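Student: one predicted model, sequence on top.
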Amino acid sequence: MKQFISVNDVTDINALVQQALVYKSNPLADRTLGADKRIGLLFLNPSLRTRLSTQVAAANLGMEAIVFNVDKEGWALEFEEGAIMSGNTVEHIKDAAPILGSYFNMLCIRTFPSLKNREDDYSELYISQFIKYCGVPVISLESATLHPLQSLTDIVTIQECLMAAPLLTKAKPKIVLTWAPHVKPLPQCVANSFAQWVNAWGGADFVITHPEDYELSTNFTNGATITHNQDEALQNADFVYVKNWSTYTDYGKIYENDPRWMLTEQKIGLTNNAKVMHCLPVRRNIELSDEVLDSPNSIVTQQAANRVWAAQAVIAAILRNNK
Amino acid sequence: MKQFISVNDVTDINALVQQALVYKSNPLADRTLGADKRIGLLFLNPSLRTRLSTQVAAANLGMEAIVFNVDKEGWALEFEEGAIMSGNTVEHIKDAAPILGSYFNMLCIRTFPSLKNREDDYSELYISQFIKYCGVPVISLESATLHPLQSLTDIVTIQECLMAAPLLTKAKPKIVLTWAPHVKPLPQCVANSFAQWVNAWGGADFVITHPEDYELSTNFTNGATITHNQDEALQNADFVYVKNWSTYTDYGKIYENDPRWMLTEQKIGLTNNAKVMHCLPVRRNIELSDEVLDSPNSIVTQQAANRVWAAQAVIAAILRNNK
Amino acid sequence: MKQFISVNDVTDINALVQQALVYKSNPLADRTLGADKRIGLLFLNPSLRTRLSTQVAAANLGMEAIVFNVDKEGWALEFEEGAIMSGNTVEHIKDAAPILGSYFNMLCIRTFPSLKNREDDYSELYISQFIKYCGVPVISLESATLHPLQSLTDIVTIQECLMAAPLLTKAKPKIVLTWAPHVKPLPQCVANSFAQWVNAWGGADFVITHPEDYELSTNFTNGATITHNQDEALQNADFVYVKNWSTYTDYGKIYENDPRWMLTEQKIGLTNNAKVMHCLPVRRNIELSDEVLDSPNSIVTQQAANRVWAAQAVIAAILRNNK
């Protein structure tokens, strides 16, 4: 693997999932693979799980990880070509990226969307400019429109559950991605990315449900069944992925925030005793009720713990490619 | 040792003190004890000595330490059970803690009191919720009401001084904890914790002195002599621990800030050439005069340097218990 | 070498340059020199290249580096002797520095000038107080008036270019330091330090050019030719170092900001196809035009990448001195 920006960088999803599960059973299986290599973790936005799991993953491979909070420890970067830099941006990505590339063997970057202009966000200018100028392999720690380390983790977790409790009555699990209410406009990244990965993986009967006006880009959802009827979507589901996102069409807004879309125990009753997933952080009793999150149906902790193994499989694949 | 939240987690204070002094004379005595283990240092509030000394202590044991400033690099956590999270808190401790526990073998946490509501602060909700949900041993880096790594360091430093210059005319040293003025309301943690440890240690004639209205909780002070007469308290003292705290009874206030409570050279004259201690940071010429801090009586630098060995003894004890 | 605060701490500039180039060709040549040693990197101001390159340099020597952003993770320090600390400063450098010295074998410090009072800034109070009280070797990561790691890097980079393409028609390269416009008042550090090092190195025909009113301190410039005519200065130059600085005489101001001082391709035409240098971050199309920065004349990326080897040579020299 040369980089990890989207599912399109992965030639064999199942092999990557298996590698992650190998690392889960033996974290130090490749403890010298990254010896004398350095990975830079650059954050233009805050992070808890992504940062810590990636640090742990790198350490398991014997690789030195250095974290740099660009937003807090550094200064504002300029991404526009030809900018006359008389404003608030202090350094152009054209100057910063190649230097970071000279200090590290691999770079990881988190950069959120503005949610102000769809065309800008969906052009993925920030991460594209990093990739263009840094000269080393790049791993996305969540970009304006996608969150591939999360999605790989999600597939790993689903696969793990299916191995622990094989389906008896159907060939493929039914996976439902359901919109949930929130208190502020959030990116579409996690939903886009989950849809993209589940579709590419192909191992599921995949349904997406959300209120009207919350359509996601068909670039990612194509292949899934889409419905505005949450109850109908949840029928017989084996996995329910809960996530809020702001509007895509009339971009970055909260149109409706109907609390009836919150996932409750009653709604779990509609499913095939489904496993409940969420990328975290989750707003309790807004997106998901306490009763669901604290029930055996919730696998959010297992899912978040798996972030380490997904990151480790990705870093290892890139290290092997660059040997 | 299973955790380190207060002196109650310690079965043998003197053994722990001796271990710290062993590490002082041979920092790398157990350089592989923490190999392939990870310790997470989580800060909900700022830290200098505590953070750096704990990082150094972990490194001396061959353990990887990762620092995460939750307040600055992460987001606001929710600690109330059943909260409807429609406000400013982004993630519930019930969701964050078990995941942190999955990434680390041991977690260290700093969380200050609000000083607004005594019942809330003294319930130690924050650190208790961490312990309840994280699933790995927890070390307090200072909580709402206690600062045990500081207090262990204090006993280590007193013991070290007594070994270097044994008492000639009395069986036990006289230790005085004296309130000092400050410019803003501070927690009672350091004073509570020092009182708790000196009382549990039992090796001293222990006196606490403070202005009226600055009574500490008897949960911690029981066993000490308490007086409002600082001069009387200082008579023949061997160690004087200087510290400000805000009011406990009418909670979190500054009632009186009489500059005559500042510890000066003249007051040292009342003592048995006492060693002067302070946990730092100290407001010079408010809490303690320059003349005292810059005199041979001050052992504040030795005391702060000992933070490393106290932290190292605690981490080692927990590592040994979890082997 | 005992410390690294200015060129005056270096006995043999060429030997230090050669050591940096050795590390560039073999980064792990001394991979155990710093084993079991710790270096603290303290930032009172933001940093990108300096922080990361110093971390990488320390790691290459097998030394553990710990970063502490004093301004963000800690609290305001007091530097004035005798201060009555009733204001915003929380801890005196007299108390903080010796403790930091007890935790680390070596300390690196970045502290910017206020640009409000020249006498204060040029007294270098902050870094001097650190050195006075910390008790271990100190490396400047940029102080109020100097930036020696940058300047050593600059000489390394010039030397490297001269080795790759030896001069044919003259004994010494012509090096021009030129002022450039900026949008806000900047310190004189980089310019002072570059002037000090090039003069001490002695290997160049050295010219400084700037608008009237932007004179630098003769303490650093003595030995250079100074002119207000940029075009004349650039004639036949082999290296052009571009940098803005605020006024030194009427201190810390922007007097004139004539855009004609921006270095453009046309001006490069006046030179001997000069290599263009800048310490970064650079304001594109304000200090330097895109056409120059994106041309083969620009060596700013090579220069910034060399920060690692300069830092590594300095740390190694101090480690060897303290063996």
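Tutor: Everything's here; your move. This is a predicted model, so every value here is computed, not measured. Residues are numbered from 1 along each chain as shown, chains lettered A, B, ... in the order given.
Student: where exactly do the helices run in the stretch 201-323 of chain A?
Tutor: For the stretch 201-323 of chain A, the helices defined by DSSP state H, counting those that start in this stretch cover A:218-221, A:230-234, A:265-268, A:290-293, A:300-305, A:307-321.
Student: contacts for the fifth one next, please.
Tutor: Right, helix A:300-305. A:49, A:53, A:153-154, A:157, A:160, A:276-280, A:282, A:293, B:95, B:98-99, B:102-103 (C-beta atoms under 8 Å, 6 or more residues apart in numbering or on different chains). Where C-beta positions appear, they are placed from N, C-alpha and C, glycine not excepted.
Student: between helix C:307-321 and the helix or strand containing residue A:95, find me the angle.
Tutor: Assigned by DSSP states H and E, residue A:95 belongs to helix A:93-103. Counting by axes from the mean of the first three to the mean of the last three C-alpha atoms, to 10 degrees, helix A:93-103 lies at 40 degrees to helix C:307-321.
Student: hmm, the helix or strand following helix A:93-103 touching chain C?
Tutor: Downstream of helix A:93-103, the next assigned helix or strand under DSSP H and E is strand A:106-110. No. No part of strand A:106-110 sits near chain C under the criterion C-beta under 8 Å from any C-beta of the partner chain; the closest distance found is 11.2 Å.
Student: mind giving me the packing neighbours of strand A:106-110?
Tutor: Counting contacts by 3 or more C-beta pairs under 8 Å, 6 or more residues apart in numbering or on different chains; DSSP states H and E, strand A:106-110 packs against strand A:38-43, helix A:125-134, strand A:138-140, helix A:307-321.
Student: rewinding a little: could you export the helix holding residue A:95 as CSV, CA atoms only?
Tutor: Extracted C-alpha coordinates of helix A:93-103, given in CSV (Å, rounded to 0.1, in the frame of the first residue of the first chain):
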residue,chain,number,x,y,z
ILE,A,93,1.7,24.0,2.7
LYS,A,94,4.2,24.0,-0.3
ASP,A,95,6.9,25.0,2.1
ALA,A,96,5.8,23.0,5.3
ALA,A,97,5.0,19.7,3.7
PRO,A,98,8.3,18.8,2.0
ILE,A,99,10.2,19.6,5.2
LEU,A,100,7.9,17.4,7.3
GLY,A,101,8.5,14.8,4.7
SER,A,102,12.2,15.2,5.2
TYR,A,103,11.9,14.6,9.0
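Student: do that helix and chain C meet?
Tutor: Yes. Using C-beta under 8 Å from any C-beta, helix A:93-103 reaches chain C at A:94-96, A:98-100, A:102-103.
Student: buried sites along that helix?
Tutor: Judged by neighbour count (16 or more other C-beta atoms under 10 Å in any protein chain shown), helix A:93-103 contains these buried residues: A:93-103.
Student: swap in stretch A:111-122?
Tutor: For stretch A:111-122, burial by neighbour count (16+ other C-beta under 10 Å) applies to A:111-113, A:115, A:118, A:121-122.
Student: out of the buried residues of helix A:93-103, who's nearest residue C:231?
Tutor: residue A:95 (26.1 Å; C-beta to C-beta).
Student: what sits against the closest one?
Tutor: Neighbour list for residue A:95: C:280-282, C:284, C:293, C:300-301 [criterion: C-beta under 8 Å, 6+ apart].
Student: what about 6 Å?
Tutor: residue C:280 (C-beta atoms under 6 Å, 6 or more residues apart in numbering or on different chains).
Student: tell me the buried residues in the longest helix belonging to chain A?
Tutor: Scanning chain A for the longest helix, with DSSP state H as the assignment, gives helix A:148-164. Across helix A:148-164, burial judged by 16+ other C-beta under 10 Å covers A:148-162.
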